[in-house]
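Undergrad: Kindly return the folded structure for what I paste below:
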Amino acid sequence: MVREIRSVQDMEALAREWGFLPFFKNDIPGFSIEEHTPPELWYDSESGDWAPWDWKGPVARMKTTVYGKFFRKKAGFVSAEWLPDFANFRRDGYDFDARFDDELASFKDKEIVDAVERHGSLQTGQLKRLCGYGGKDGKKGFETVMTRLQMQTYLCIQDFDYATDRHGNAYGWGIARYAAPESILGRDAVTAAYSRSPEESFRRMEEHLQKLLPHATEKQIVKMLSL
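TA: The predicted structure is shown next:
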């Protein structure tokens with residue numbers, strides 16, 4: 001399974017075809033954007049472009065996939081086709097409110113989810129300010145909460161916002177803008193597998209990845225899919 005990623009379109013096509021596409025190299029050889037992108041595209045010293053990094057936002061905007069820290073607390077894409085089973089398994093059948101009501105989610109988690117829900121989407125800095133993170137007297141543990149909520153699929157990265165110069169040209173590192181997958185793909189699409197048990201959703205994904213990655217061990221696939 002060798003395919004080069006040389007454009008936004010290549011990245012989106014591979015993520016959609018495979019259903020699951022981690023950004024970084026991991027325990028499963030060949031199962032990452034990093035390994036399928038030619039080294040010379042990672043940084044162009046003449047233009048200053050970091051191609052794969054800059055392609056994440058445009059791929060996310062296509063709404064054929066969602067992007068976030070989904071794989072062992074590291075970033076990657078899950079296709080719209082496979083997100084329902086992925087969310088059903090990772091959420092263990094719980095909507096966030098039900099998880100909180102059963103005391104399986106913290107108040108810190110809830111205030112983040114509620115803030116994003118109220119506003120539709122929020123940049124990292126906006127979310128920190130609204131929920132009281134940062135500064136000498138601010139709350140701690142923002143990244144831990146955000147990673148957990150992405151791993152559980154309650155939040156994802158909708159896009160990346162960039163600063164612009166006086167000519168309107170974007171520059172610098174993109175600032176993550178967070179949203180619920182439901183606000184991107186629609187609630188019905190995200191929860192389409194709720195009629196299945198989380199275990200059934202897991203089996204479906206495991207079988208798919210075993211076919212896609214015949215060189216991967218069962219342990220590696222279970223580790224990739226699990227929280």
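Undergrad: What values do phi and psi take at R99?
TA: phi -60, psi -40 (degrees, to the nearest 10).
Undergrad: That one and R166: what is the separation?
TA: Going from R99 to R166 by Cβ to Cβ, to the nearest Å gives 46 Å. All C-beta spots, glycine's among them, are computed from the backbone N, C-alpha and C.
Undergrad: So those two - more neighbours on which side?
TA: Neighbours per residue (other Cβ atoms under 10 Å) separate R99 from R166, with R99 holding more: 19 against 5.
Undergrad: was I right about that one contacting V113?
TA: No. Contact criterion Cβ atoms under 8 Å: R99 and V113 do not qualify, at 9.7 Å.
Undergrad: Show me the contact partners of the helix or strand harbouring I112.
TA: For I112, the element it lies in under DSSP states H and E is helix 107-119. By Cβ atoms under 8 Å, 6 or more residues apart in numbering, the list of residues contacting helix 107-119 from outside reads 96, 100, 122, 126-127, 130-131, 139, 141, 145-146, 148-149, 154-155, 178-180.
Undergrad: ok, the most centrally placed residue in the chain - contacts?
TA: Residue closest to the mean C-alpha point of the chain, counted by Cα atoms, centre = their mean, is G68 at 1.6 Å. G68 is in contact with 75-76, 150, 153, 155-157, counting by Cβ under 8 Å, 6+ apart.
Undergrad: shouldn't Y154 be in contact with R91?
TA: Yes. Using Cβ under 8 Å, Y154 makes contact with R91 at a distance of 7.3 Å.
Undergrad: When those two are compared, which one has more neighbours?
TA: Neighbours per residue, other Cβ under 10 Å: of Y154 and R91, the larger number sits with Y154, 25 against 20.
Undergrad: Just give the closest residue to the more buried one, not the sequence neighbours.
TA: Spatially, and ignoring its direct neighbours in sequence, Y154 is nearest to F96 (5.0 Å; Cβ to Cβ, 6 or more residues apart in numbering).
Undergrad: what do you get for L149?
TA: In space, L149 is closest to L155, 4.4 Å off (Cβ to Cβ, 6+ apart).
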